[in-house]
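Peer 1: After the sequence you'll find the predicted model.
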Amino acid sequence: MATAFKTVEPLEYYRRFLKENCRPDGRELGEFRATTVNIGSITTADGSALVKLGNTTVICGVKAEVAAPAVDSANKGYIVPNVELPSLCSTRFRSGPPGEEAQAASQFIADVIENSQIIAKEDLCIANGKLAWVLYCDIICLDYDGNILDASVFALLAALKNVQLPSVTINEETGLSEVNLKQKNPLVIRKHPVATSFAIFDDTLLIVDPTAEEEDLATGTVTVVTDEEDRLCSVHKPGGSPLTGAKLQDCITRAITRHKEVKKLIDKVTKSIKPN
Amino acid sequence: MAAVCLSEAEKLYIVHGVQEDLRVDGRGCEDYRCAEVETDVVSNTSGSARVKLGHTDILVGVKAEMGTPKLEKPDEGYLEFFVDCSANATPEFEGRGGEELGTEIANTLYRVFSSEGSVDLKSLCINPREHCWVLYVDVLLLECGGNLFDAISIAVKAALFNTRIPKVRVLEDEEGSKEIELSDDPYDCIRLNVDDVPCIVTLSKIGYRHVVDATLQEEACSLASLLIAVTSKGALTCMKKIGKGSLDPESIFEMMETGKRVGKALHIALQKILDEEESLGTTRQKVGFLG
Amino acid sequence: MAAARRYCVPGERLCSAAEAAAGSGTYTRRGAVCAALAGCLRRGGGAGGVPQVAVLRDAEAQLLPDVGAVVTCRVCSINSRFAKVHILYVGSTPLRSAFRGTIRREDIRATEKDKVEVYKSFRPGDIVLAKVISLGDAQSNYLLSTAENELGVVVARSEAGVQMVPISWCEMQCPQTHTKDFRKVARVQPQFLQT
Amino acid sequence: MPLDHRRLQGPDESQPPALWAGEGSGPRDPCALRPLFARAGLLSQAEGSAYVELSGGTKVLCAAWGPREAAEPGGGTAGGGGGGGGGRLVCEFRRAPFSSRGARPRPGGAAEREAEREAAAALREALEPAVRLARYPRARLAVSALLLQDGGSALAAAVSAASLALADAGVEMYDLAVGCALCRDPGHPSGAWLLQPGEAEERRAAARLTLALLPALNQVSAVLGGGRGGDPESWGEALRLGLDGCHRLYPVLRQSLLRAVKRRDAAHTPPGS
Amino acid sequence: MAEGGKMAAGSGKMAAEAAVGQVVLPGDVLLLPARPGHDAEQLPLGSEAAPRGRLLCGPGLRRCAAGLLVTKCGLLRHRQPGGGGGAAAGGAYWVDSQQKRYVPVKGDQVIGIVTARAGDVFRLDVGGSEQASLSYLAFEGATKRNRPNVQVGDLIYGQFLVANKDMEPEMVCIDSSGKASGMGVIGQDGFLFKVSLGLIRKLLAPKCEIIQELSQLYPFELVLGMNGRIWVKAKTVQQTLIIVNILEACEYMTSEQRKQALAKLSGN
Amino acid sequence: MEPGGAAMAAAGCCLRPFSCERGLLSRPDGSAAFVQGDTSVLAGLYGPAEVRGSKESPERATLEVLLRPKVGLPGVGERSREQLLRQTCEAVVLGALHPRTAITLVLQVLSDAGSLLSCCLNAACMGLLDAGLPLSALFCGVTCALDAQGAIVLDPTTRQEQEARAVLTFAIDSTEKKVLMATTRGSCSVEEMQQCLVAAQRAADTIFQFYRDSACRRYSKS
């Protein structure tokens, strides 16, 4: 009859577990779900990565195109991230144009790229004022089981590390650009931002990497993004129950340790692909 | 299509009739209803036609306008289809009701006319990459009497046959900018060659046999129908199954054969009417909508 | 039983219609019984000894509330004429997605139907046991009734948010603030909720 | 076309670098049926899910939901299938922006929405005969397919994946639906039809045909063909080749579904009970 | 009143009766008076009568662990224990706040506009979040055959029988003894307008001088609904409009300004 | 307009002069215009009102925030800020008291001269106060900018924001001065973030004092 109790009184059911400092799926409060990453699975994209965080599955595909740079930033290319939450990944999203949660996630990813300076936009410039790269980063959630922000940032980082751009040159006389598809060179990744999300339970308890159910029952969420120099790229707390400065500090320290784990995982995976 | 609800007994009656190759209105399985085709019924279009097939009434207008060729086909003009189901066909088409059916018909027309052979698109091109003729084909559904696709395809073919595109000359002046010069004689225009334009034949499966040109009642008893676009030479350019049911493979082969045979006969009859109207020239007494 | 569990796929021919009757999860076509579900095959004694072939899916079978089933639902809104509920369970199997149901005023109690007050029977948030009396027509959703003693409110929370204890068939009391509230209480109190 | 305000916008127009580079791809044996990989029941949130991958690189992920309350209480419109009586099957087909080789189609654009709506209608056309809608009065069955990579015959792969997902969701069906695509190469003198064409072959093809088969009932549930396919005999030959292809693909799908049912069965009923 | 004791910066804890008459903000916590030794959360329980009787906390206040939590901004009011009779033996605290949106409360007398007639129930718009329902039997002398003559668009002055956050509000036009006592359909050709709830409460105070001053000008009929709606009818339209403008202006004018305005008016 | 400038002169925090006017719109149930330096936002609030269709929630009031930029149509950025504002308001509004109702908060940006989000937060809070909705606490918005030398600038102007290395915006609640909402632009170290938080909490006191003064002034008339 346990399932009956769970659907009738979900909050009470969770409190019973949180009292013993564990969760229904057996994890501690500070423990992440199993994280796997698979790079380069989509051949039609210039760079792609699929990240699984427990059941949450996110795929990021990067398509590179060329365009005239903006007038005010003549030597800068563009990075255009978009998060898509289709009705396929969970019944809570309806099909059609992106809803509020998808747009908020897109804005969060754009802020993380801007704040952490993963790629210097100047590196994307081919010919000053004439031609520059546009990296369309499309992040699609295939299976929504909570904590979509961590998975998206990880997938974006892995996909950008996997991008191979063809060399494009503009020969002066004709003014036309020539593309050499054979000779490809990777992007220069300057920083490695990693996101860590927490859910706030009953205004006090902080649990890391919440599942979809835990997110529904939580009274607030906090996402902290750090880079390798332990600088804060983003502290994103969209309302919800208030937190003291000390609790925020606990989140940041946990985020820093999480950064090391993820950096180790991504280095291992990129090394395994490098030889071919 | 606008559905009419029939009781089980009526459906049984129609199905048994079709088994014996005898339909409710006395036709055989492969006979068309009497069709009236009339061209040049709307004045301010480049070409227009109206087809009345039994109770189905379609009006098609073709407008030729100057446009820029598409990126991937710089040396060809192109066709744009728009199907409007007017609300006086059935109350169900009120507001957005008819939109879903309209887009479905438009998609089918795009598929039928997508193969290069149907209309000579290269003749529509004025100068590559910059100017070409774009034919906006507007289909208006005035009344639904079943078998919409056949009636529409006949009307489109007649309208294209009737289309007159003014002759245009391109003048190159010194600094290379092109200038379009229109001929002053209003009758000096080029006509489209519609021989390869296909006509759609819809074969509706009723019981174990299939019929052509199904009325609304027959469509209600048919679970699946096959839609075939046949050119005057008998080649198939499009094939599509519509309806909730499924077809067994053998019956598809038979349907294709029947479709080809019926399609060629249809083309011959249509071409005869069009040539007749063409020969009468301007003295033809137009019946229009009052007939 | 777990020896040779034969699994089958929709469309698969199980046996000829003469051999066995078509049980749940199967259909007959051209004299053969074919599987309609992807699940494990069960040959069992059907009604009246005729052998029956059925295909069973895993535990939480795909249920639709049908007439006569006892359902567990949560009250979401009430007014003077009916109460709107979300159906969570059919029997003991949870539904994956909530279906909407309605309990009309005259279906709440079997006795003195017209003196029933919806406000004195249900409140939003209560968990109620009810029986499906009709699938409802095109517009309305499922029609439910709580006109038996075993049906009615099972779990109710008081203003203070504490779970209330039933003290009679029509009243419940909050253990903390001792305030009494009117509810149409289900007599058999299934003990699946430890208070 | 109206600017889409619900997505972050890059520059107004950008061109894929491939426009200025040559491209080539090798010839292929016409009737070789490229191996197909299928897996069912892989998503946790969807009631039924399936993933199909063709060796040409096409990757389709599909999710399905069992009977749910009709969105609006009233039954579908008269034309909308089923009406008040049987259930309604709602299909959705989406292409990932990075799924096609050339330019990236703008996700919010009108052309993109039009193509997806047409593919969804074709998907529904193929699946409706296979599903026992009469068993789900006034309920709605939903199927959503996502094309991750387009390596040719995308719609055919989507039909197979969608029917697998519906079966995995425990929806009652008459039979699975197997999709197969063919195209006619203009270069071939005899106008031979190629089975399961790759994306490059599909783009160059003179004629294309996609068909869906209910293998156990041996019924064709969908035919969608276009282009200069020649006379009915050549289309008939294409049809035969396609049906044979479907029959050869069916065992792979059946195996993946059985594996998923066993996995689900083991997960729910502890062994031996 | 404004220069009362400066509250500690931001919200702090303060004794309840010290804050009476002060402006309180949501988030302030009021400690309950004279309870040495009693820990906070032992609030007066029904059964175990607290030494100084039940304490009523009115609109704008909510019980919380440390005492009373203020949820609306306004002036804290207190009514002496004895005055309120047995029910409010422990005295009543409430916050007098300015508000425009009306939330139905049981027993309030309001003016409703009939918007629809559904079977034997009229639907009334009372300015709240839901439409109130009024049964045709809830009129004086109404029986199954002798139905009240009520059309869509009529004004109804009635009292709330049922008003609760969970339930649809229900109105009646008869008091407990079945008499109309002033309630029912309001006559034609008066003038209906809306004012803030704070002003209505001031006008409904027993000895409200505004009403007395106005009545000296010229005779008029006046109906005040707790939902901020006022209906006025004087002999001539011109007089009615004068009264309406004065009542609307009371919101912003101090009492002196109002007296001068009335003096000027009674002059002509 | 009740200028709060005088109250601002408290030592230690260099907030720009800010002022607030309440009840200036007739149609909405609550309205407030908040001006912070040259940034001004107008908030209009309707509720608890009729809720339509699927958005109705059986046990809570449904809160909806619409942020209208000064020029152009609301884009993804506005939508993301609407979510921040909505969840901040949901944390303080006691929605359980008005189930099955809808509360709509419309914020119109009149002029943007830096610290726009904190100005929206303050305008939203004053709007909630003016509408008389049941709140468990008040909140205020404070924006801090970290300039090149690492000094903290409170309530920065647009130019200071552009030159700053990082811009952090906090929503502080009035009861325990905890962080209700936090969003950052640019990167900063952990200590800098904590210092900004402490500075923001100190600045919050002056804003709450201003809230109290404006409430006293408003109720002094009657």
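Peer 2: Now that the structure is in, tell me what you want to look at.
Peer 1: switch to C-alpha atoms for all contacts and neighbour counts from now on
Peer 2: Fine.
Peer 1: middle-most residue in chain D, spatially?
Peer 2: For chain D, the residue sitting closest to the mean C-alpha position, by C-alpha atoms, centre = their mean, is D:Ala158 at 1.7 Å.
Peer 1: Does anything pack onto the helix ranked longest in chain F? Which helices or strands?
Peer 2: If you go by DSSP state H, chain F has its longest helix at helix F:190-220. Applying 3 or more C-alpha pairs under 8 Å, 6 or more residues apart in numbering or on different chains; DSSP states H and E, we find helix F:190-220 packed against helix A:245-273, strand E:23-24, strand E:74-79, helix F:5-8, strand F:139-146, strand F:152-154, strand F:166-173.
Peer 1: and that helix, average pLDDT?
Peer 2: Averaging pLDDT along helix F:190-220 yields 91.
Peer 1: do stretch D:124-137 as well
Peer 2: In this model, stretch D:124-137 carries a mean pLDDT of 89.
Peer 1: Give me the local confidence score for the residue of chain F found nearest chain B.
Peer 2: Taking C-alpha to the nearest C-alpha, chain B has its nearest neighbour within chain F at F:Gly53, 20.8 Å off. F:Gly53 carries a pLDDT value of 74.
Peer 1: What is the burial count for it?
Peer 2: Residues contacting F:Gly53 under the criterion other C-alpha atoms under 10 Å in any protein chain shown number 5.
Peer 1: distance of the single nearest residue of the stretch 51-200 of chain B relative to chain C from B:Cys85?
Peer 2: Closest approach between the stretch 51-200 of chain B and chain C, counting by C-alpha to the nearest C-alpha: B:Glu92, at 18.2 Å. Look at B:Glu92 and B:Cys85: by C-alpha to C-alpha, to the nearest Å, they are 10 Å apart.
Peer 1: Which neighbours do those two have in common?
Peer 2: Jointly contacting B:Glu92 and B:Cys85 under the rule C-alpha atoms under 8 Å, 6 or more residues apart in numbering or on different chains are B:Gly98.
Peer 1: Looking only at neighbour counts, state which of the two leads.
Peer 2: A count of neighbours by other C-alpha under 10 Å puts B:Cys85 above the other of B:Glu92 and B:Cys85, at 26 against 19.
Peer 1: What about A:Arg231? Give its phi and psi, please.
Peer 2: Dihedral angles of A:Arg231 (phi, psi; degrees, to the nearest 10) stand at phi -90, psi 150.
Peer 1: roughly how far apart are it and chain B?
Peer 2: As defined by C-alpha to the nearest C-alpha, to the nearest Å, A:Arg231 lies at a distance of 48 Å from chain B.
Peer 1: Let me see the confidence value for that residue.
Peer 2: For A:Arg231, pLDDT reads 92.
Peer 1: Quick check: chain neighbours aside, which residue is closest to it?
Peer 2: Leaving out its chain neighbours, the residue that sits closest to A:Arg231 by C-alpha to C-alpha, 6 or more residues apart in numbering or on different chains is F:Ser189, at 4.7 Å.
Peer 1: Spit out the contact partners of that neighbour.
Peer 2: F:Ser189 is in contact with A:230-232, counting by C-alpha under 8 Å, 6+ apart.
Peer 1: mind listing what's buried in stretch B:120-129?
Peer 2: B:120-122, B:124-127, B:129 (16 or more other C-alpha atoms under 10 Å in any protein chain shown).
Peer 1: Now find how far off-centre it is within its chain.
Peer 2: 23 Å (C-alpha atoms, centre = their mean, to the nearest Å).
Peer 1: Run through who's touching that stretch.
Peer 2: Contacts for stretch B:120-129 (C-alpha under 8 Å, 6+ apart): B:68-71, B:74-78, B:131-134, B:168, B:170, B:192-193.
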